[in-house]
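Undergrad: sharing a model prediction with you, sequence too.
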Amino acid sequence: MRDIVSEIKNRLSIEDVVSQYVSLKKVGRSYKALSPFQQEKTPSFVVSPEKQIAYCFSTHRGGDMFKFIEEIEGVDFPEAVKILADKAGIEVPTKFAQKSAKEKGSKSLREGLLDVHERAATHYQGIIRDDSKQSKMVLEYLYKRGMTDELIDKFRVGFAPDKPDDLKKFLLKEGAKKEILEKSGLFIIRDTAGGDVLDKFRGRLMIPILDHMGRVIAFGGRALKKDQMPKYLNSPDTPLYLKRNVLYGLSHAKNQIREKDAVVFVEGYFDVIMLHKIGIENICASSGTALSPEQINLVKRFTKNIISCFDTDRAGIDATKRAFEVLQPFDMGLKSISMPAGLKDPADFVVEHGATAPGDFKDLIEGSKDFIDFYSNRLKDNYELGSIDGRKAFLNELIPLIKSVKSSVRIDFYVRLLAKIIGTKEKVLYEEIASFKMRNLGPSKKNEEVEDVSQKISTQEILLSLCLEYPKIFEIVTSRVVESDFEGDLKDIYLALVDQYNASVTSKEGWNLDAKKYASISGEVDILSLYGEERYSEFPEEIVTLEAEKLIDKIEKGRRMYKRLDLERRLKEAEDSGDKAKKEKLLKEFMQLLKS
């Protein structure tokens, strides 16, 4: 394992790995970015090429490239090794894969569910190609919709026969456990006590839903009969699948999204598949749900340019409007495609336009308009803009959307646009926006920022990070703080610094914590050192010393507070037990503490 890990580290740099997920900005010796793990305004994510670590100080997540991949992809270490080996163009040795499997032992629930879904997808794919009368009818249906054999195989489309236990029998024969089947979302539990289950998907076209790494995690089952309800039956939420966390088609699209620096959102599975048919692959579907913040987090690592192409009916327009609202906390804009009259969705467009569809749809993408421009032009025909009431109603639809926008440049663009549409002065619109009160406001931004900062890093961590960056101040620290002021890894780091510190040598040459005896704390030392470098590297020595003294004051205050509470507790115990001698002794200690 050590050989392949070393080889990966030799071929990849932390900044190259992280930049595939986050937009990095060079600041001094490091790179900074907004956290990929939560929404924030002030960048707290730092990447250090020197230390080869990436760390988010607001969520305390990250580490070396392997730890970063574990966190961002939600995988374990062996899987992170495989992902990075693939990025580095290194073949993972068979011995490593076998050792990883052996170390894991029995499958976890997640692994069991992944295995069951993969086997189910393969089973459904086999049935659609089994030359039976039913499967031939299903293929004929797909061909009529414009699907090709290549697309059917690419998206692993299959067929679930109209039998109550077809999949159940197959998976049990394959060795799947009943408890895994019950939690998979692929079955209806008929008898909870006896564990009796029936196939959930019967007589349906089966479309596997993949996560962003290409693993089958759920299914969408389309009805094939006119009276079959519902038209689409989707997997429920499971330990493997949460609808709001998944974008259909992302695993096929992510490379093209990065290359084109844009993603087009559509509504349905067939919209994605049919656009792939004409060579347009930077496509994802929200699969009938309103676009969620979790889904935006998935794509923002690849692009910040979002284009919507939802259905042209009222529901589709409302979905686009909601998408605009969801994007605002991310400070991302939204463009919208106007579909030609009479065509509801991209799948219809591809079939209708035939041979010219590739160029025609690219023209639609290039002609996409900013959402407010798109939406206001749709709305204006619904209102009598020559009347005061008509103007007010029109603005009441749009001002809440503009009020949510963070960028002053975008707001200015929207104000100019609306002023032109209704024929009024821009100043009037600015006054309307300023006076409009947003509904359902959450906590104030000020409070959010304060809470965010308070959760980032402790006083003790900051003090140690300062010592790592400026060894000279450690002499001040040791004169006032004590071992008991630290806990866990921080205590180990403090003791390591005490062990190594030499006023004449350390102040000039710095710390040397690479020795084997410091191996257990090396990761935490790197993170604290990164924080100290990022926050304090350009401060003059006088300011750093003042900062250290403030931090020590805070630690001493906390120590006194803890001692006071402890004395109060012990005094009460002495009083309750009637131990006068002990009470008198503790009172003296308490008075001494108050004087200090």
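TA: Looks like it came in fine.
Undergrad: residue ranges of the helices in the stretch 351-500 of the chain, please?
TA: Here the stretch 351-500 of the chain has its helices, by DSSP state H, counting those that start in this stretch, at 357-366, 371-379, 388-403, 408-422, 426-435, 445-454, 459-469, 474-480, 488-500.
Undergrad: these: which one's closest to Met561?
TA: helix 459-469 (12.7 Å; CB to CB). Backbone N, C-alpha and C define where each C-beta goes, glycine included.
Undergrad: give me the contacts around the closest one.
TA: For helix 459-469, contacts defined as CB atoms under 8 Å, 6 or more residues apart in numbering pick out 457, 473-474, 477, 481, 485-486, 490, 493-494, 497, 511, 525, 528-529, 531-533, 535-537, 544, 547-548, 551-552, 554-555, 558.
Undergrad: can you list the helices and strands that the helix or strand where Glu71 lies packs against?
TA: With elements taken from DSSP states H and E, the one containing Glu71 is helix 65-73. Secondary-structure packing of helix 65-73 (3 or more CB pairs under 8 Å, 6 or more residues apart in numbering; DSSP states H and E): helix 2-11, helix 14-18, strand 61-63, helix 77-88.
Undergrad: note down every partner strand of the third one and its orientation.
TA: In the sheet containing strand 61-63, its partner strands are strand 53-56 (antiparallel), by DSSP bridges.
Undergrad: could you export the strand it pairs with as PDB, CA atoms only?
TA: C-alpha atoms of strand 53-56 as PDB (Å, rounded to 0.1, in the frame of the first residue of the first chain):
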ATOM      1  CA  ILE A  53      -2.600  19.600   2.600                       C
ATOM      2  CA  ALA A  54      -6.000  21.100   2.000                       C
ATOM      3  CA  TYR A  55      -8.100  22.100   5.000                       C
ATOM      4  CA  CYS A  56     -11.400  23.800   5.800                       C
END
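Undergrad: in the stretch 101-250 of the chain, where is pLDDT below threshold?
TA: Scanning the stretch 101-250 of the chain with the threshold set as pLDDT under 70 gives 101-107, 191-195.
Undergrad: give me the three-state assignment for the residue nearest the centre of the chain.
TA: The residue lying closest to the centre of the chain (CA atoms, centre = their mean) is Asn297, at 4.4 Å. Here Asn297 is helix, with the state taken from DSSP: H, G, I helix; E, B strand; the rest coil.
Undergrad: grab the nearest non-local neighbour of it.
TA: Pro36 (7.6 Å; CB to CB, 6 or more residues apart in numbering).
Undergrad: looking at the protein, which helix or strand does the model trust least?
TA: helix 445-454 (a mean of 37; mean pLDDT, DSSP states H and E).
Undergrad: out of the contacts of helix 459-469, which end up buried?
TA: 457, 473-474, 477, 481, 485-486, 490, 493-494, 497, 511, 525, 528-529, 531-533, 535-536, 544, 547-548, 551-552, 555 (16 or more other CB atoms under 10 Å).
Undergrad: can you say which of the helices and strands packed on helix 65-73 is nearest to Leu114?
TA: Once those are compared by CB to CB, helix 77-88 is nearest, at 10.9 Å.
Undergrad: pull out the buried residues from stretch 330-340.
TA: 330, 332-337, 339.
Undergrad: need the helices and strands packed on helix 65-73 in a markdown table (columns: mean pLDDT).
TA: Shown next, in a markdown table, are the helices and strands packed on helix 65-73 (pLDDT from 0 to 100):
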| stretch | mean pLDDT |
| --- | --- |
| helix 2-11 | 86 |
| helix 14-18 | 91 |
| strand 61-63 | 90 |
| helix 77-88 | 87 |
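Undergrad: any chance of these in TSV, plus distance to Leu233 and mean neighbour count?
TA: TSV is the format used below for the helices and strands packed on helix 65-73 (distance: least, CB to CB, whole Å; neighbours: other CB atoms under 10 Å):
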stretch	distance to Leu233	mean neighbour count
helix 2-11	42	14
helix 14-18	39	20
strand 61-63	36	21
helix 77-88	31	18
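Undergrad: who wins for proximity to Ser408 among these?
TA: Here helix 14-18 is closest among the helices and strands packed on helix 65-73 (CB to CB), at 29.8 Å.
Undergrad: next one: the biggest helix by length in the chain to chain centre, how far?
TA: The residue-count maximum for a helix in the chain (DSSP state H) belongs to helix 541-577. Relative to its chain's centre, helix 541-577 lies at 39 Å (CA atoms, centre = their mean, to the nearest Å).
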